[in-house]
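> how does the following fold in three dimensions:
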Amino acid sequence: MSANLRPMSSRKSGPLKGEAHVPGDKSISHRSMILGALSIGETRVTGLLEGEDVLDTAKAMRAFGAQVERLGDGEWVIQGVGVGGFAEPDHVIDCGNAGTGVRLIMGAMATTPITVTFTGDASLRSRPMGRITDPLALFGAESYGRSGGRLPLTLVGASDPVPVVYHTPVPSAQVKSAVLLAGLNAPGKTVVIEKEATRDHTERMLAGFGAEISTELTDEGRVIRLIGQPELTGQTIVVPRDPSSAAFPVVAALLVEGSEVLVPNIGQNPTRNGLFTTLVEMGADIAFENERIEGGEPVADLRVKHGPLKGVNVPSERAASMIDEYPILAVLAATAEGTTVMGGVKELRVKESDRIDAMARGLEANGVSVEEDEDTLIVHGMGKIPGGAMCKTHLDHRIAMSFMCLGMAAENPVSIDDAGAIETSFPDFIPLMERLGASFRKNNR
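Okay, the predicted model is just below:
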């Protein structure tokens, strides 16, 4: 076992009480850095998620020539270089574990005539990049990677880019966003057509920075049109708190008898809030308080109380709005009455890990009955969870946090082989949950 592994265990908890201040939204934090770097003038960001993924994106933007400075806790300032102004980095861009970061950065540089080599950690190096490099090739970019288009990969930006019309083959905000960012430095109109709506932070933020962008609902799906070569202007951005991170204290409160937790300032973008819709359908006691708009994004405070839950069929068309939340939903489903069916989730197989397989194996090891196929995960609720097993995290932050939450409601402690990956998205997860009342312990190797 590697000396770098950080095994931990989670044991049955008493009632969780208090406020859970989760990190800033990861998707918006990445995009703030990249669009700030592509703008003219100064962009100020508050509430930025300072996890490893976003910090790696900040380092990359410095390598491309932008001035990026941290002023204080979550407060950053970026002096951009403008659309088409990226300089060629003098070293390899290491994006760590950040699949969003590397794919969006590839899009942002693909229509500038520079050559960039990208790499990442073991998890990121195993993930497919062809879904990004294929559409970028339509602009004129060339890519040279390992088999399957995996990192390390060198991308040669187009010297004479052309606009494209692209139908996304799978519902993926990363693919859509990479194409739109590439379209910024292509003349004319770039069009992205997606059959199923995915998170729209890129479209909202592009409009906020001054791009001419429109979205139309048609028989083909959502048609997004972007006029290339705009002058983006630096903005002030308040990052709402991340709904994907909020999922963990919210579900933990639903899991543990007697709990009541307030999770304030959570983004409620309709392309991101599928989990909360599903939880309400399961009978969850969640109050959405103080609903408001901040920085162009809907926000609410979530007050969550433990109560009985029932299994549900989650519609496949909801998958894009909650794709990162299925692991923690699977944990909650294990304690609900009846069966929960999660269909249309094949995208989970190409995340930081094969999340369907990782959750199925970990739940089974802890006594939960699970079924799966390529595109479906089915969890048979059983009320009390036996627990007692070690779960493999596969360097995946969401798998690690999900099983730590499972242990809070299981009859016997649940262990994970490595808590290190949690730092990528939720650096404060362990102390935050312990403040609410969770019982975690570092294991001896």
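> which strand residues bridge residue 299?
residue 267, residue 292 (DSSP bridges).
> what about it, how many residues close to it?
A count of nearby residues for residue 299, using other C-beta atoms under 10 Å, gives 20. Where you see a C-beta, it was placed from the backbone N, CA and C, and this is true even at glycine.
> same check, this time on residue 414
Residue 414 has 29 nearby residues by other C-beta under 10 Å.
> tell me the contacts of it?
Residue 414 is in contact with 9, 10, 11, 366, 387, 388, 389, 391, 403, 404, 406, 407, counting by C-beta atoms under 8 Å, 6 or more residues apart in numbering.
> what about these, which are in strands?
Judged by DSSP state E, these include 9, 10, 11, 387, 391 as members of strands.
> which one of the residues you listed sits closest to residue 361?
Nearest to residue 361 among the ones in strands among the contacts of residue 414 is residue 391, at 7.7 Å by C-beta to C-beta.
> could you say which helix or strand holds the closest residue in space to that closest one that isn't next to it in sequence?
Excluding the flanking residues, the one nearest residue 391 by C-beta to C-beta, 6 or more residues apart in numbering is residue 362, at 3.7 Å. If you go by DSSP states H and E, residue 362 is part of helix 355-365.
> now swap in residue 118 and tell me
Applying DSSP H and E, one finds residue 118 within strand 115-119.
> show me what that strand is in contact with.
88-89, 92-95, 102, 105-106, 109, 125, 151-157.
> also stretch 428-437?
By C-beta under 8 Å, 6+ apart, stretch 428-437 touches 8, 13-18, 20-23, 245, 248-249, 252-253, 256, 259, 261, 401, 404, 408, 419, 422, 440.
> so what's residue 440 bridging to?
residue 10.
> follow-up on the earlier one: restricted to strands, list the contacts of stretch 428-437.
8, 17, 18, 261, 440.
> residues contacting the third one?
In other words, residue 18. 261, 262, 435, 436, 437.
> tell me the secondary structure at the most far-flung residue of the chain relative to its centre.
Centroid-distance maximum for the chain: residue 160 at 32.5 Å, with C-alpha atoms, centre = their mean. With DSSP: H, G, I helix; E, B strand; the rest coil as the basis, residue 160 sits in coil.
> over to residue 131?
Residue 131 - assigned by three-state DSSP - is helix.
> equivalent analysis for residue 304, please.
Per three-state DSSP, residue 304 ends up strand.
> please begin residue numbering at 56 from this point
With the count now opening at 56, the last piece we talked about shows up as residue 359.
> please tell me how far the residue lying closest to residue 153 once chain neighbours are set aside sits from residue 410.
Distances taken as C-beta to C-beta, 6+ apart place residue 108 nearest to residue 153, at 3.8 Å, with adjacent residues excluded. Distance of residue 108 to residue 410, given as C-beta to C-beta, to the nearest Å: 17 Å.
> one step back: now name the helix or strand holding the residue nearest to residue 153.
With DSSP H and E as the test, residue 108 turns up in helix 107-118.
> list of residues touching that helix?
Taking C-beta under 8 Å, 6+ apart as the rule, helix 107-118 contacts 81, 84-85, 88-89, 91-92, 103, 123, 131, 133, 144-146, 148-153, 155-156, 159-160, 478-480, 482.
> now swap in stretch 200-208 and tell me
Contacts of stretch 200-208 (C-beta under 8 Å, 6+ apart): 147, 157, 172-175, 179-185, 188, 198-199, 209.
> swap in stretch 260-268?
Contacts of stretch 260-268 (C-beta under 8 Å, 6+ apart): 83, 86-87, 90, 93-94, 235, 239, 258, 279-282, 285-290, 292, 351.
> one more time with 7 Å, if that's ok
86, 90, 94, 235, 258, 279-282, 285-288, 290, 351 (C-beta atoms under 7 Å, 6 or more residues apart in numbering).
> okay, who's weakest in those by pLDDT?
Within those, pLDDT reaches its minimum at residue 351, with 74.
> list the contacts of it.
With the criterion set at C-beta under 7 Å, 6+ apart, residue 351 makes contact with 259, 263.
> could you do the one 4 residues further on as well?
Remark: with contacts taken as C-beta under 7 Å, 6+ apart, residue 355 is in contact with 321, 323, 343, 344, 345, 346.
> pLDDT value on residue 293, please?
90.
> for it, give me phi and psi.
Per-residue torsions, residue 293: phi -100, psi 110 (degrees, to the nearest 10).
> that one against residue 352, yeah?
No - assessed by C-beta atoms under 7 Å, residue 293 is found out of contact with residue 352, at 8.7 Å.
> quick one: which of these two has more around it?
residue 352 (21 against 18).
> just the pLDDT at the residue farthest from the centre of the chain, thanks.
Reading off the model, residue 215 has pLDDT 97.
> verify the stated contact: it with residue 194.
No - using C-beta under 7 Å, residue 215 is not in contact with residue 194; the gap is 9.7 Å.
> how close does residue 252 get to residue 327?
11 Å.
> quick one: which of the two has more around it?
Each of residue 252 and residue 327 has its neighbours counted (other C-beta under 10 Å); residue 327 has more, 30 against 18.
> circling back: so for the helix holding residue 108, mean pLDDT?
96.
> what's the answer for stretch 424-444, then?
Mean predicted confidence for stretch 424-444 is 96.
> quick one, helices of the chain?
Taking DSSP state H as the test, the helices found in the chain are 81-92, 107-118, 154-164, 177-180, 185-194, 228-238, 256-264, 298-310, 329-336, 381-390, 410-420, 452-464, 484-491.
> buried ones in the fifth one?
Within helix 185-194, the residues scored as buried using 16 or more other C-beta atoms under 10 Å are 186, 187, 188, 190, 191, 192, 193, 194.
> quick one: residues contacting the closest residue to the third one other than its chain neighbours.
Translated: residue 188. Leaving aside its sequence neighbours, residue 188 sits nearest to residue 198 (C-beta to C-beta, 6+ apart; 4.0 Å). Contacts for residue 198 (C-beta under 7 Å, 6+ apart) come out as 188, 204, 208, 209, 210.
> tally of neighbours for the closest residue in space to the third one that isn't next to it in sequence?
It refers to residue 208. Excluding the flanking residues, the one nearest residue 208 by C-beta to C-beta, 6+ apart is residue 200, at 3.3 Å. Neighbour count for residue 200, taken as other C-beta under 10 Å: 19.
> likewise the one 4 residues further on?
Counted with other C-beta under 10 Å, the burial measure for residue 204 works out to 17 neighbours.
> thank you, goodbye.
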